[in-house]
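1. quick one, what's the 3D model for this:
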Amino acid sequence: MKKINRNAFAEKMIHRYLLETYYLDKKERKNLVPKRLQSKMSDLNLVVPEDSKSFDGYRADFSLYFKGDKRLYPVEVKWKSSDLKKSNQLQALADNDGFLVSFDEPTIEGVEYAVINKDHFQNWLIRRVELLFEESLSEKVEIKQGSGKWIVILRSKHALNNFSKMEGMMGNTSKRFWAFKNSLFVMKNLLNLKKGDEMIFLFIKTTHPEGSAMIPSSNNQFELYKACFSKITEPYYMELEGDKSTFFEGNDIPAISERRWPHFFNFDIYEEHNFEPSVFVKRRNMEKDLKTRIANSANQGGVLESITDLQLQEIKSIIRTIKTS
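-> Numbering: from 1, shown residues only. Here you go, the predicted model:
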């Protein structure tokens with residue numbers, strides 16, 4: 001008898017579910033840690049997949065880092081608890097306040113655990129299946145263009161200086177990297193970023209009455225210094241070691257549990273416009289939704305905001321028209 005393989009999903013699927021739930025679902029994530037850690041979840045700062053820190057040759061599936069706590073808490077993930085058998089894994093979890101996450105309650109003594117709610121997992125999978133398919137396909141087949149379109153509005157000279165510093169660090173290539181400050185708003189969008197997606201960076205300045213924050217409904221002009229059209233080459237990863245990991249952190253390098261800029265992605269620039277002197281962009285003829293998305297990106301500290309293909313083409317047209325005027 002030749003049976004078909006009924007295990008259509010790899011364990012990495014659970015990893016992705018946990019990553020997104022820990023970061024984005026403030027209610028359900030408390031159910032995915034033991035009771036002793038539930039009160040700490042409001043201080044969760046980083047969820048690190050396959051952390052480089054190992055315990056006698058064992059590397060956990062995840063490490064949880066909490067604000068104000070320099071320790072890491074290892075997490076082991078299994079479909080069923082009985083798959084956790086290796087003595088070094090069991091010992092590492094027991095010795096380092098770690099725990100197991102699975103779909104059933106374990107019978108193993110000495111290891112704390114959390115049980116995945118099957119219905120919650122199934123609903124998450126239904127919502128995310130299209131994105132997961134696109135990501136899986138892009139890992140196996142070269143994708144020239146993703147379906148996502150994004151805009152990043154950076155208003156500070158510090159951001160422009162950091163971008164120039166980053167370009168100098170990468171040398172005479174089109175390859176670039178960037179990172180966003182750790183926040184729920186960032187992760188909601190960053191976890192939807194895909195290989196081949198298009199992203200536009202605009203480096204701008206606004207004046208009164210938009211000195212501290214952009215007004216979504218405003219028709220005021222903004223000052224434009226630089227525009228970059230790019231394609232995503234590596235959608236999302238964490239960088240916690242080496243010079244790149246602390247590139248955005250400043251002179252005082254914090255402990256991993258206190259990192260503010262850990263969420264990276266890579267991109268290639270295919271078109272770049274530098275305006276010296278700067279130019280002014282009119283918002284009067286922009287559609288309301290595009291103006292809102294520009295303001296959202298700027299007001300959240302220069303993070304990625306999704307836009308439509310028509311909005312992307314509109315921004316490109318504006319930039320290219322200014323360039324030739």
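2. ok, for residue 90, nearest residue in space, not its chain neighbours?
-> Closest residue to residue 90 apart from its sequence neighbours, by C-beta to C-beta, 6 or more residues apart in numbering: residue 111 at 6.1 Å. The C-beta positions use only the backbone N, C-alpha and C, and glycine is treated the same way.
3. typed the wrong thing, it's residue 56
-> residue 88 (5.5 Å).
4. got phi/psi on the one you found?
-> Backbone torsions for residue 88, taken as degrees, to the nearest 10, come to phi -70, psi -30.
5. counting neighbours, what do you get for it?
-> Each residue near residue 88 was counted by other C-beta atoms under 10 Å, and the total is 12.
6. what does residue 275 give?
-> Residue 275, neighbours per other C-beta under 10 Å, totals 17.
7. which helix or which strand is home to it?
-> strand 263-281 (DSSP states H and E).
8. next: residue 315.
-> With DSSP H and E as the test, residue 315 turns up in helix 309-324.
9. could you tell me the angle between that helix and strand 263-281?
-> 50 degrees (axes from the mean of the first three to the mean of the last three C-alpha atoms, to 10 degrees).
10. contacting residues around helix 309-324?
-> Applying C-beta atoms under 8 Å, 6 or more residues apart in numbering, the set of residues contacting helix 309-324 from outside is 149, 151, 198, 200, 202, 224, 227, 229, 273, 275, 279, 281, 286-287, 289-290, 293, 307.
11. likewise for stretch 296-308?
-> Contacts of stretch 296-308 (C-beta under 8 Å, 6+ apart): 148-156, 159, 180-181, 183, 185-186, 189-190, 192-193, 199, 204, 206, 213-214, 216, 290, 293-294, 315.
12. only the buried members of the residues you listed: can you turn that into a PyMOL selection?
-> To isolate the buried ones among the contacts of stretch 296-308 in PyMOL, judged by 16 or more other C-beta atoms under 10 Å, type:
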select buried, resi 148+149+150+151+152+153+154+155+159+180+181+185+186+189+190+192+193+199+204+206+214+216+290+293+294+315
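13. if we can go back for a sec, can I get the strand holding residue 275 in PDB, CA atoms only?
-> Taking Å, rounded to 0.1, in the frame of the first residue of the first chain, the C-alpha atoms of strand 263-281 are listed here in PDB:
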ATOM      1  CA  HIS A 263      13.600  45.000  12.000                       C
ATOM      2  CA  PHE A 264      15.500  45.100   8.700                       C
ATOM      3  CA  PHE A 265      14.800  44.500   5.000                       C
ATOM      4  CA  ASN A 266      16.900  44.700   1.800                       C
ATOM      5  CA  PHE A 267      16.200  46.400  -1.400                       C
ATOM      6  CA  ASP A 268      17.700  47.400  -4.800                       C
ATOM      7  CA  ILE A 269      17.300  51.000  -6.000                       C
ATOM      8  CA  TYR A 270      16.400  51.100  -9.700                       C
ATOM      9  CA  GLU A 271      15.800  54.900 -10.000                       C
ATOM     10  CA  GLU A 272      17.000  57.700  -7.800                       C
ATOM     11  CA  HIS A 273      16.400  61.500  -7.900                       C
ATOM     12  CA  ASN A 274      18.400  64.000  -5.800                       C
ATOM     13  CA  PHE A 275      17.100  67.600  -5.700                       C
ATOM     14  CA  GLU A 276      19.700  70.300  -5.100                       C
ATOM     15  CA  PRO A 277      18.200  72.700  -4.400                       C
ATOM     16  CA  SER A 278      15.100  71.100  -3.000                       C
ATOM     17  CA  VAL A 279      11.800  71.300  -4.900                       C
ATOM     18  CA  PHE A 280       8.200  71.700  -3.700                       C
ATOM     19  CA  VAL A 281       5.500  69.000  -4.200                       C
END
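14. all set, thanks.
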